[in-house]
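Peer 1: based on what follows, work out the 3D shape:
(chains A and B)
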Amino acid sequence: MTERIAEVTGLTKRFGDFTAVDGVTFEVRAGEVLGYLGPNGSGKTTTLRMLLGLLRPTSGEATVLGFDIRREAERIRERVGYMSQRFALYDELTVWENLAFYAGVYGVHDPGRLRQVLAMVGLTGVEADPAGSLPIGWRQRLALATAIIHHPTLLVLDEPTSGVDPVARRGFWDLIYTLAEQGVTAFVTTHYMDEAEYCARVGIMRRGRLLAMDSPSALKRSALPGLAWDVFADPMLPALEALQRLSRVQRAGLAGDHLRAITNADVSAADLEAGLSASDLHAFRVERAEPTLEDVFLTLAGS
Amino acid sequence: MSALIQARGLRRSFGGTVAVDDLSLTVQPGEIYALLGPDGAGKTTAIRLLCGALAADEGEVYLSGYDLRRETEKARAQIGYLPQRFSLYGEMTVLENLHFFAEVRGLSRQDWLPRSTEILQFVELFEFRDRRAEALSGGMRQKLGLAAALIHRPAILLLDEPTGGVDPVTRQSFWQLLIRLLVQGVAVVISTPYMDEASRCTRVGFLSRGRMLVEGTPGQVTAPLEGRILEVAGEPRPVLERLARSLAAVEDVQAFGDRLHVRVGPGAAEAVIRSLGAQAAAQGGRIDSLRRVPPTLEDAFIHLLQQQAGAGQATT
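Peer 2: The predicted structure follows:
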């Protein structure tokens, strides 16, 4: 799968003396689920608006689906499906009417296609219900249906599952994976670390810059220069303060009923136990922990 | 034990909708308690019931031992509350904003300035005290909100989704401040939709449709799944997913971006690991890594919600 759905080179957007997007370079591969992770204001949406041709870059180049974002924006937008965190649904209209409305906008007039898309997102049988009466997880699937009604090649999802329960969320991602298997490429912007874990590759944005882009597993392997630890000690808060004072501990924090530390790579469990003993504290268990995307983010942001 | 928050049987409905139903919780000094749940689960209503911004239809709340219904003033004086959307006066400076909140909270003329200085140093905003609030970054605004909530030295801090969309670096430093408050014996309740945030709290209660589904330390909540979550990485994922689903001891398969999480029945991990390893190649798949991983809160809640849905189907 070497076909590229988008190629972005040195993309930059300045507003006055504020650089919202700063020399961003990446590619989107056909059929992948690509995440674009960053806090509010990090440049995610500005990047997206440029890629959809809604905002003119200050400098840099990009093609999406083979079309130039400056000169062929309309042709890009015809082929892209867009779903935002604020689902643009009409609450008073029924499920069917909402879908028919978006189908009309895209010039889709085949009722068979509407039925097919409703079946795919699991909403067959509720066609006559007002959209406003649906649970949030169903509204989200209806919003997805409106975004894919015109067979887009590229699906853009803006924080698609923030605020929904875990079961609805995974059901939604299973739908995205099904679409990906059918060849649809998904570009997902999110500030939500959990959501980024659902992406095959993740780009990490901060203050307009793309700090890294790779699979979540690879980011955790490569970006973190040290080790992650779970430390079970009692009492916990004094132990936390003691860990934070140790020189080879980069970061320590609470993790529910235990503590979590990121240390230099040469630190052993015995070192941490000894460090706590020196403060008359006892660690009854110290074990290696799984790094998270947040660990990756914090490390990249710090360097 | 003298719990700082004791709530029993709280219930509140709006029109015909029950937003919070039979909610009880107890929070001790130095504890941080997460109210975790999706949008609409009742988190904000619960927080507002705890601080008295909303009256409960049923149930009672004691704050540092004061009955919120009958000793309202004393009970409320125990609380610092940071709502989801808090207002600051944009054209006023950081210090002027704090002066305002100090007056609202009844601090005396002699008291407000030294306390403001102290709390601004605590949240690392002292050097910005003369900056207008509208010129603060998002993270600094949030710290000023926290300072305002803490101005009267409350024993209890209620935070309604304080870190949504915030830079993880800012979130990290916000948490460091919370930890220092916990060390001082403050009790904190935080509402959050984020599993990773809840997993940092002393205890977590999972809200769904206004009801508390489960409560405990993160370790207690995930304990039933200990040793039962396998991480599978390899190609092609759909093949591995179908294979995993075909095994009898596999209860559930969750696809992530570059791997699968497979939940197996109690004691079945070794057998499933062997079966997956033995059968992958014959099915046209390749396994790159296969190991047990610690269960997450998300694993636990999906398990719980599935059990609940299963029980619902069985009885109808």
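
Peer 1: flag the shaky bits of chain B, pLDDT-wise.
Peer 2: B:1, B:312-316 (pLDDT under 70).

Peer 1: run through the helices of it in chain order.
Peer 2: Listed in chain order, the helices of chain B (DSSP state H) span B:43-51, B:72-77, B:94-104, B:109-122, B:138-150, B:168-183, B:195-198, B:218-222, B:237-246, B:269-279, B:297-315.

Peer 1: also chain A?
Peer 2: Ranges of helices within chain A are A:44-51, A:73-78, A:95-105, A:111-120, A:136-148, A:166-181, A:193-196, A:216-222, A:236-245, A:269-277, A:293-302, based on DSSP H.

Peer 1: out of the helices of chain B, which is closest to chain A?
Peer 2: Closest to chain A of these is helix B:218-222 (CB to the nearest CB; 3.3 Å). In this view, the C-beta of every residue, glycine as well, is placed from N, C-alpha and C.

Peer 1: from the contact counts, what lies against the closest one?
Peer 2: The contact analysis (3 or more CB pairs under 8 Å, 6 or more residues apart in numbering or on different chains; DSSP states H and E) places helix B:218-222 against strand B:203-208, helix B:297-315.

Peer 1: so who does residue 127 touch?
Peer 2: Chain wasn't specified; assuming chain A. Contact partners of A:Glu127, counting by CB atoms under 8 Å, 6 or more residues apart in numbering or on different chains, are A:Thr94, A:Val95, A:Trp96, A:Leu118.

Peer 1: quick check: closest non-adjacent residue to the residue of the stretch 201-303 of chain A found nearest chain B.
Peer 2: Per CB to the nearest CB, A:Gly256 is where the stretch 201-303 of chain A lies closest to chain B, at 3.3 Å. Once flanking residues are discounted, A:Gly256 sits nearest to B:Pro218: 3.3 Å by CB to CB, 6 or more residues apart in numbering or on different chains.

Peer 1: B:Gln6 contacts B:Gly59, doesn't it?
Peer 2: No - in this structure B:Gln6 lies outside contact range of B:Gly59 using CB atoms under 8 Å: 10.9 Å.

Peer 1: coming back round to it: what's around the residue of the stretch 201-303 of chain A closest to chain B, how many residues?
Peer 2: Residues near A:Gly256, counting by other CB atoms under 10 Å in any protein chain shown, number 25.

Peer 1: quick one: it and B:Thr202 touch, right?
Peer 2: Yes - A:Gly256 is within contact range of B:Thr202, at 6.8 Å (criterion: CB under 8 Å).

Peer 1: what do the two both touch?
Peer 2: Joint contacts of A:Gly256 and B:Thr202 (CB under 8 Å, 6+ apart) are B:Thr217.

Peer 1: list the residues that contact A:Tyr198.
Peer 2: Counting by CB under 8 Å, 6+ apart, A:Tyr198 makes contact with A:Val33, A:Gly35, A:Trp173, A:Ile176, A:Val188, B:Ala255, B:Phe256, B:Gly257.

Peer 1: circling back to that earlier point, tabulate the helices of chain B (JSON lines), appending distance to A:Arg141.
Peer 2: Formatted as JSON lines, the helices of chain B follow (distance: least, CB to CB, whole Å):
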{"stretch": "helix B:43-51", "distance to A:Arg141": "23"}
{"stretch": "helix B:72-77", "distance to A:Arg141": "42"}
{"stretch": "helix B:94-104", "distance to A:Arg141": "43"}
{"stretch": "helix B:109-122", "distance to A:Arg141": "45"}
{"stretch": "helix B:138-150", "distance to A:Arg141": "31"}
{"stretch": "helix B:168-183", "distance to A:Arg141": "29"}
{"stretch": "helix B:195-198", "distance to A:Arg141": "21"}
{"stretch": "helix B:218-222", "distance to A:Arg141": "28"}
{"stretch": "helix B:237-246", "distance to A:Arg141": "20"}
{"stretch": "helix B:269-279", "distance to A:Arg141": "31"}
{"stretch": "helix B:297-315", "distance to A:Arg141": "17"}
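
Peer 1: turn the ones you listed into CSV, including distance to A:Phe18 and mean neighbour count.
Peer 2: As requested, the helices of chain B are arranged in CSV below (distance: least, CB to CB, whole Å; neighbours: other CB atoms under 10 Å in any protein chain shown):
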stretch, distance to A:Phe18, mean neighbour count
helix B:43-51, 33, 23
helix B:72-77, 42, 15
helix B:94-104, 22, 19
helix B:109-122, 27, 16
helix B:138-150, 14, 22
helix B:168-183, 18, 18
helix B:195-198, 29, 23
helix B:218-222, 40, 21
helix B:237-246, 41, 18
helix B:269-279, 51, 16
helix B:297-315, 36, 15
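
Peer 1: out of the contacts of A:Glu127, who's the most crowded?
Peer 2: With neighbours taken as other CB under 10 Å, the top of these is A:Val95, carrying 26 neighbours.

Peer 1: give me the pLDDT for that residue.
Peer 2: You'll see A:Val95 listed with a pLDDT of 97.

Peer 1: what sits against it?
Peer 2: With the criterion set at CB under 8 Å, 6+ apart, A:Val95 makes contact with A:Leu118, A:Leu123, A:Val126, A:Glu127, A:Ala128, A:Asp129, A:Pro130, A:Ala131, A:Leu134, A:Leu142.

Peer 1: pull out the buried members of those.
Peer 2: A:Leu118, A:Leu123, A:Val126, A:Glu127, A:Pro130, A:Ala131, A:Leu134, A:Leu142 (16 or more other CB atoms under 10 Å in any protein chain shown).
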